[in-house]
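Chemist: 3D model of this:
(one chain, ligands or ions: 1)
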Amino acid sequence: MSTAPAFKSFRLALIQLGAVGADKSANLKHAREMIMRAAQGDGTPESRPSVVVLPECFNSPYGHAHFPTYAETIGYTKSRNYDVQTSESESVKMLSSAAKEASVWLVGGSIPERDPTDQRLYNTCTVYSPTGALVALHRKIHLFDIDIPGKITFKESETLTGGSSTTFFDTDFARIGLGICYDVRFPELAMIAARKGCHLLIYPGAFNMTTGPLHWSLLQQARAVDNQVFFSMCSPARDLSAGYHAWGHSMVVDPFGKILAEADEKECIIHTTIDPTVFQDARAGIPVTRQRRFDVYPDVSQ
Ligand SMILES: NC(=O)CCC(=O)C(=O)O
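Modeler: Sure thing, here's the model as predicted:
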């Protein structure tokens with residue numbers, strides 16, 4: 001495995017996107033406008049983000065019945081040979097051109113994806129460099145299948161297949177690990193990413209009105225503290241006219257578990273600074289990264 005880049009300070013922006021409806025073109029247009037707005041920061045050069053994040057399922061209504069209709073072929077190959085130029089996906093084209101125009105690393109939330117080889121569908125996050133190159137692709141590994149009687153029943157596996165690899169990407173200032181929403185409930189995934197040298201984990205997500213108040217911040221703070229990394233989830237805004245009511249509350253947590261920034265439920269963009277000093281202080285002061293007992297239990301990252 002390659003060595004992680006030196007961790008340097010940078011600005012992160014999360015777009016808590018609203019108005020995701022049935023019209024895919026309108027969703028893409030709105031997302032593009034919000035990427036451009038996020039990239040401006042507050043107008044000062046020092047506030048401009050290096051990384052901009054969209055939420056889970058930003059181009060389609062969220063629900064297993066919608067995925068087959070909205071799914072796009074990205075042009076993913078097993079050799080990880082991504083090519084935006086030949087991709088058929090209108091979402092990939094928009095994200096690539098927006099990343100290039102805004103000159104940011106763009107974590108493109110997630111979209112329903114169809115694999116052309118076997119027609120299987122995935123919930124997929126794509127990432128773009130500031131030149132518009134598609135540099136990473138993460139297929140949601142753990143599908144959101146839950147049943148809390150009288151509250152929420154959801155079954156992504158009705159139409160989706162779970163991904164089968166862990167994913168991170170390198171920028172010139174940090175190594176960043178990826179997951180999607182329900183993936184946060186599986187601590188092994190974050191643990192593997194942290195042991196592979198990730199400094200920040202980003203999970204586009206869309207918790208709901210039942211589990212959101214219970215677990216949204218708890219899980220992010222737990223993953224951040226367990227692994228002494230920055231942790232962030234980016235949600236859609238809440239839309240009570242939609243079939244799925246997202247919790248919102250996009251947030252960024254530091255390696256001590258402190259919430260650095262948190263949205264409410266409405267459409268907004270939150271900005272924060274990711275400061276490597278906090279990462280180093282957490283690891284120096286509470287040295288669990290050097291106190292593991294792999295003679296007693298196995299290292300899940302091996
Ligand atoms: N989109 C999702 O995976 C939702 C996960 C969720 O709400 C949870 O409680 O977990």
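
Chemist: within range of the ligand, give me the residues from this structure.
Modeler: 56, 144, 181-182, 185, 205-208, 211, 215 (C-beta under 6 Å from any ligand atom). For the C-beta atoms, the positions are set from N, CA and C on the backbone; glycine is no exception.

Chemist: 5 Å instead, please
Modeler: Residues of the chain lying close to the ligand (C-beta under 5 Å from any ligand atom) are 144, 181-182, 206-208, 211.

Chemist: residue 271 versus residue 246, what's the distance?
Modeler: 20 Å (C-beta to C-beta, to the nearest Å).

Chemist: looking at these two, which is more packed in?
Modeler: Set side by side, residue 246 and residue 271 show more neighbours around residue 246, with 27 against 17, by other C-beta atoms under 10 Å.

Chemist: surely the more buried one meets residue 233?
Modeler: No - the criterion here is C-beta atoms under 8 Å, and residue 246 misses it with residue 233 at 11.2 Å.

Chemist: which neighbours do these two share?
Modeler: Common contact partners of residue 246 and residue 233 (C-beta atoms under 8 Å, 6 or more residues apart in numbering): none.

Chemist: ok, for residue 139, nearest residue in space, not its chain neighbours?
Modeler: Once flanking residues are discounted, residue 139 sits nearest to residue 163: 2.6 Å by C-beta to C-beta, 6 or more residues apart in numbering.

Chemist: what's the neighbour count on the one you found?
Modeler: With other C-beta under 10 Å as criterion, residue 163 counts 22.

Chemist: and it, what's its pLDDT?
Modeler: pLDDT, residue 163: 97.

Chemist: from the ligand, how far out is it?
Modeler: For residue 163, the distance to the ligand (C-beta to the nearest ligand atom, to the nearest Å) stands at 13 Å.

Chemist: so who does that residue touch?
Modeler: Contacts of residue 163 (C-beta under 8 Å, 6+ apart): 122, 124, 138-141.

Chemist: distance check, it against residue 45.
Modeler: Computed with C-beta to C-beta, the distance linking residue 163 and residue 45 is 37 Å.

Chemist: can you tell me which of the residues of the chain next to the ligand are in helices?
Modeler: Counting by DSSP state H, these place residue 211 in helices.

Chemist: quick check: residue 115 touching residue 122?
Modeler: Yes - Residue 115 lies in contact with residue 122 (C-beta under 8 Å); the separation is 6.8 Å.

Chemist: look at the two and report which has more neighbours.
Modeler: Legend: neighbour count by other C-beta under 10 Å for residue 115 and residue 122, higher for residue 122 (28 against 17).

Chemist: mind listing the helices for the stretch 1-150 of the chain?
Modeler: Along the stretch 1-150 of the chain, counting by DSSP state H, counting those that start in this stretch, helices occupy 24-39, 67-70, 90-102.

Chemist: dump those helices to CSV, plus distance to residue 49, mean neighbour count and mean pLDDT.
Modeler: CSV is the format used below for those (distance: least, C-beta to C-beta, whole Å; neighbours: other C-beta atoms under 10 Å; pLDDT from 0 to 100):
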stretch, distance to residue 49, mean neighbour count, mean pLDDT
helix 24-39, 6, 18, 98
helix 67-70, 27, 17, 97
helix 90-102, 9, 21, 97
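
Chemist: need those helices in JSON lines (columns: distance to residue 225).
Modeler: Formatted as JSON lines, the helices of the stretch 1-150 of the chain follow (distance: least, C-beta to C-beta, whole Å):
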{"stretch": "helix 24-39", "distance to residue 225": "28"}
{"stretch": "helix 67-70", "distance to residue 225": "34"}
{"stretch": "helix 90-102", "distance to residue 225": "31"}
